[in-house]
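Trainee: Take this sequence and fold it.
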Amino acid sequence: MSPLSAWENFYVIVGSSAGALTGLTFVAITLIPDERRRGASLSVPAFTTPTVVHFAMALLLSAALSAPWPTLAPLAALLVIVGLGMLLYGAIIVRRLGRVDEYQLVLEDWIVYGVCPLIAYAGLVVAGLLLASNAEPALFVVAGALLALLAIGLHNAWDLVTYIALLRVQPPGDGEKRQ
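Mentor: Reported below is the predicted structural model:
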(Lines give C-alpha, C1' and ligand atoms only; values in the text may rest on other atoms or scores of the structure.)
Protein backbone atom coordinates (compact mmCIF):
# COMPACT_ATOMS: atom_id res chain seq x y z
CA MET A 1 0.00 0.00 0.00
CA SER A 2 1.39 3.40 -1.04
CA PRO A 3 2.07 5.96 1.70
CA LEU A 4 0.09 8.41 -0.45
CA SER A 5 -3.18 6.52 0.03
CA ALA A 6 -3.44 7.68 3.66
CA TRP A 7 -3.33 11.29 2.41
CA GLU A 8 -6.03 10.98 -0.26
CA ASN A 9 -8.75 12.89 1.62
CA PHE A 10 -6.30 15.61 2.61
CA TYR A 11 -5.31 16.27 -1.01
CA VAL A 12 -8.92 16.20 -2.18
CA ILE A 13 -9.79 18.86 0.41
CA VAL A 14 -6.72 21.02 -0.33
CA GLY A 15 -7.11 20.70 -4.10
CA SER A 16 -10.83 21.48 -4.01
CA SER A 17 -10.22 24.48 -1.77
CA ALA A 18 -7.46 25.77 -4.04
CA GLY A 19 -9.67 25.40 -7.11
CA ALA A 20 -12.60 27.21 -5.49
CA LEU A 21 -10.39 30.00 -4.15
CA THR A 22 -8.81 30.47 -7.59
CA GLY A 23 -12.27 31.00 -9.05
CA LEU A 24 -13.22 33.45 -6.32
CA THR A 25 -9.99 35.37 -6.89
CA PHE A 26 -10.85 35.69 -10.58
CA VAL A 27 -14.26 37.07 -9.61
CA ALA A 28 -12.64 39.59 -7.25
CA ILE A 29 -10.21 40.70 -9.94
CA THR A 30 -13.08 41.44 -12.32
CA LEU A 31 -14.49 43.85 -9.73
CA ILE A 32 -11.49 46.16 -10.01
CA PRO A 33 -12.72 49.54 -11.24
CA ASP A 34 -11.97 50.45 -14.84
CA GLU A 35 -9.97 53.53 -13.98
CA ARG A 36 -6.27 52.89 -14.24
CA ARG A 37 -3.86 54.50 -11.84
CA ARG A 38 -0.18 55.10 -12.41
CA GLY A 39 1.76 52.05 -11.25
CA ALA A 40 -1.22 49.67 -11.40
CA SER A 41 0.51 47.67 -14.11
CA LEU A 42 3.30 46.86 -11.61
CA SER A 43 0.84 45.85 -8.89
CA VAL A 44 -0.88 43.08 -10.84
CA PRO A 45 2.24 40.94 -11.44
CA ALA A 46 3.52 41.67 -7.92
CA PHE A 47 0.34 41.01 -5.93
CA THR A 48 -2.55 39.48 -7.89
CA THR A 49 -0.81 37.03 -10.20
CA PRO A 50 1.20 35.33 -7.41
CA THR A 51 -2.02 34.77 -5.46
CA VAL A 52 -3.52 32.83 -8.36
CA VAL A 53 -0.22 31.00 -8.92
CA HIS A 54 -0.05 29.85 -5.26
CA PHE A 55 -3.62 28.52 -5.45
CA ALA A 56 -2.83 26.85 -8.79
CA MET A 57 0.28 25.18 -7.34
CA ALA A 58 -1.75 23.84 -4.40
CA LEU A 59 -4.32 22.47 -6.87
CA LEU A 60 -1.72 21.01 -9.25
CA LEU A 61 0.29 19.35 -6.52
CA SER A 62 -2.82 18.01 -4.78
CA ALA A 63 -3.84 16.40 -8.06
CA ALA A 64 -0.33 15.01 -8.59
CA LEU A 65 -0.22 13.62 -5.07
CA SER A 66 -3.61 11.95 -5.62
CA ALA A 67 -2.45 10.17 -8.78
CA PRO A 68 -1.73 6.43 -8.61
CA TRP A 69 2.07 6.59 -8.90
CA PRO A 70 3.72 3.17 -9.33
CA THR A 71 6.71 4.41 -7.29
CA LEU A 72 7.51 7.59 -5.37
CA ALA A 73 10.55 8.50 -7.52
CA PRO A 74 8.66 10.40 -10.26
CA LEU A 75 6.63 12.27 -7.65
CA ALA A 76 9.81 13.15 -5.75
CA ALA A 77 11.33 14.51 -8.97
CA LEU A 78 8.16 16.51 -9.65
CA LEU A 79 8.26 18.06 -6.18
CA VAL A 80 11.90 19.07 -6.60
CA ILE A 81 11.36 20.49 -10.10
CA VAL A 82 8.21 22.42 -9.13
CA GLY A 83 9.81 23.63 -5.91
CA LEU A 84 12.94 24.90 -7.69
CA GLY A 85 10.90 26.54 -10.43
CA MET A 86 8.67 28.25 -7.89
CA LEU A 87 11.70 29.42 -5.88
CA LEU A 88 12.87 31.16 -9.05
CA TYR A 89 9.38 32.60 -9.55
CA GLY A 90 9.39 33.74 -5.91
CA ALA A 91 12.65 35.60 -6.47
CA ILE A 92 11.07 37.34 -9.47
CA ILE A 93 8.09 38.32 -7.31
CA VAL A 94 10.37 39.79 -4.65
CA ARG A 95 12.06 41.86 -7.37
CA ARG A 96 8.64 43.01 -8.64
CA LEU A 97 7.58 43.97 -5.12
CA GLY A 98 10.58 46.28 -4.92
CA ARG A 99 9.50 48.05 -8.09
CA VAL A 100 5.89 48.77 -7.06
CA ASP A 101 5.47 52.50 -6.63
CA GLU A 102 1.69 52.77 -6.28
CA TYR A 103 1.78 51.40 -2.76
CA GLN A 104 4.37 51.60 0.01
CA LEU A 105 5.03 48.04 1.19
CA VAL A 106 5.19 47.38 4.92
CA LEU A 107 7.04 44.54 6.67
CA GLU A 108 3.96 42.29 6.62
CA ASP A 109 3.77 42.63 2.82
CA TRP A 110 7.40 41.58 2.39
CA ILE A 111 6.86 38.61 4.70
CA VAL A 112 3.57 37.35 3.25
CA TYR A 113 4.15 38.13 -0.42
CA GLY A 114 7.89 37.43 -0.49
CA VAL A 115 9.34 35.34 2.34
CA CYS A 116 6.50 32.91 3.17
CA PRO A 117 6.06 31.60 -0.40
CA LEU A 118 9.81 31.07 -0.66
CA ILE A 119 9.74 29.00 2.55
CA ALA A 120 6.78 26.93 1.28
CA TYR A 121 8.47 26.22 -2.05
CA ALA A 122 11.78 25.39 -0.36
CA GLY A 123 9.79 22.90 1.72
CA LEU A 124 8.65 21.20 -1.49
CA VAL A 125 12.26 20.82 -2.61
CA VAL A 126 13.25 19.33 0.75
CA ALA A 127 10.24 17.00 0.71
CA GLY A 128 11.06 15.86 -2.80
CA LEU A 129 14.62 15.07 -1.79
CA LEU A 130 13.40 13.11 1.26
CA LEU A 131 10.40 11.38 -0.30
CA ALA A 132 12.11 8.25 -1.62
CA SER A 133 14.08 7.56 1.55
CA ASN A 134 11.73 8.83 4.25
CA ALA A 135 8.20 9.17 2.88
CA GLU A 136 6.22 9.82 6.07
CA PRO A 137 7.98 13.01 7.23
CA ALA A 138 8.33 14.18 3.61
CA LEU A 139 4.56 13.96 3.13
CA PHE A 140 4.01 16.05 6.25
CA VAL A 141 6.38 18.68 4.84
CA VAL A 142 4.41 18.67 1.56
CA ALA A 143 1.16 19.00 3.51
CA GLY A 144 2.57 21.95 5.46
CA ALA A 145 3.77 23.62 2.26
CA LEU A 146 0.39 23.22 0.56
CA LEU A 147 -1.49 24.53 3.60
CA ALA A 148 0.94 27.45 3.73
CA LEU A 149 0.23 28.22 0.07
CA LEU A 150 -3.51 28.18 0.78
CA ALA A 151 -3.07 30.46 3.81
CA ILE A 152 -0.82 32.84 1.84
CA GLY A 153 -3.33 32.89 -1.00
CA LEU A 154 -6.21 33.57 1.40
CA HIS A 155 -4.31 36.45 2.98
CA ASN A 156 -3.43 37.89 -0.41
CA ALA A 157 -6.97 37.48 -1.75
CA TRP A 158 -8.30 39.23 1.35
CA ASP A 159 -5.86 42.08 0.74
CA LEU A 160 -7.08 42.28 -2.86
CA VAL A 161 -10.75 42.41 -1.86
CA THR A 162 -10.02 45.03 0.81
CA TYR A 163 -8.08 47.12 -1.70
CA ILE A 164 -10.96 46.91 -4.21
CA ALA A 165 -13.48 47.88 -1.54
CA LEU A 166 -11.39 50.89 -0.53
CA LEU A 167 -11.03 51.99 -4.17
CA ARG A 168 -14.79 51.90 -4.60
CA VAL A 169 -15.48 54.18 -1.61
CA GLN A 170 -12.61 56.56 -2.30
CA PRO A 171 -13.51 59.88 -3.99
CA PRO A 172 -12.08 60.24 -7.53
CA GLY A 173 -8.57 61.67 -7.56
CA ASP A 174 -7.78 60.63 -3.96
CA GLY A 175 -5.15 58.10 -3.07
CA GLU A 176 -2.62 58.44 -5.86
CA LYS A 177 -0.09 57.28 -3.26
CA ARG A 178 -1.26 54.85 -0.58
CA GLN A 179 0.49 53.85 2.58
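Trainee: all contacts plus neighbour counts: C-alpha atoms, from now on.
Mentor: Noted.
Trainee: Helices of this protein, start to end?
Mentor: 8-30, 40-43, 49-66, 73-99, 107-109, 116-131, 135-169 (DSSP state H).
Trainee: Could you identify which of the ones you listed is most buried?
Mentor: helix 116-131 (a mean of 23; mean count of other Cα atoms under 10 Å).
Trainee: elements contacting that one?
Mentor: Where contact means 3 or more Cα pairs under 8 Å, 6 or more residues apart in numbering; DSSP states H and E, helix 116-131 is packed against helix 73-99, helix 135-169.
Trainee: out of these, nearest to G114?
Mentor: Nearest of the helices and strands packed on helix 116-131 to G114, taken as Cα to Cα: helix 73-99 at 5.4 Å.
Trainee: What is that closest one packed up against?
Mentor: Applying 3+ Cα pairs under 8 Å, 6+ apart, one finds that helix 73-99 makes contact with helix 40-43, helix 49-66, helix 116-131.
Trainee: where among those is the average confidence lowest?
Mentor: Here the lowest mean pLDDT among those goes to helix 40-43, at a mean of 57.
Trainee: End to end on stretch 125-139, go ahead and measure it.
Mentor: This stretch, stretch 125-139, spans 12 Å end to end (Cα to Cα, to the nearest Å).
Trainee: who's in contact with A138?
Mentor: By Cα atoms under 8 Å, 6 or more residues apart in numbering, the contact list for A138 reads V126, A127, G128, L130, L131.
Trainee: Touching, the third one and L79? I think so.
Mentor: Yes - in this structure, G128 is within contact of L79 by Cα atoms under 8 Å, at 4.9 Å.
Trainee: Mean pLDDT per helix and strand in this structure: which one sits at the bottom?
Mentor: helix 40-43 (a mean of 57; mean pLDDT, DSSP states H and E).
Trainee: picking up where we left off before, and S2, which of the helices of the chain is closest to it?
Mentor: That would be helix 135-169 among those, by Cα to Cα, at 9.8 Å.
Trainee: what angle do the closest one and helix 49-66 make?
Mentor: Helix 135-169 runs at 150 degrees relative to helix 49-66, counting by axes from the mean of the first three to the mean of the last three Cα atoms, to 10 degrees.
Trainee: I would like the residues contacting stretch 5-24, please.
Mentor: Under the contact criterion Cα under 8 Å, 6+ apart, stretch 5-24 has outside partners 52, 55-56, 58-63, 65-66, 146-147, 150, 154.
Trainee: ok, 7 Å please
Mentor: V52, F55, A56, A58, L59, S62, A63, S66, L150 (Cα atoms under 7 Å, 6 or more residues apart in numbering).
Trainee: now the fifth one, nearest residue through space, not along the chain?
Mentor: The reference is to L59. G15 (4.3 Å; Cα to Cα, 6 or more residues apart in numbering).
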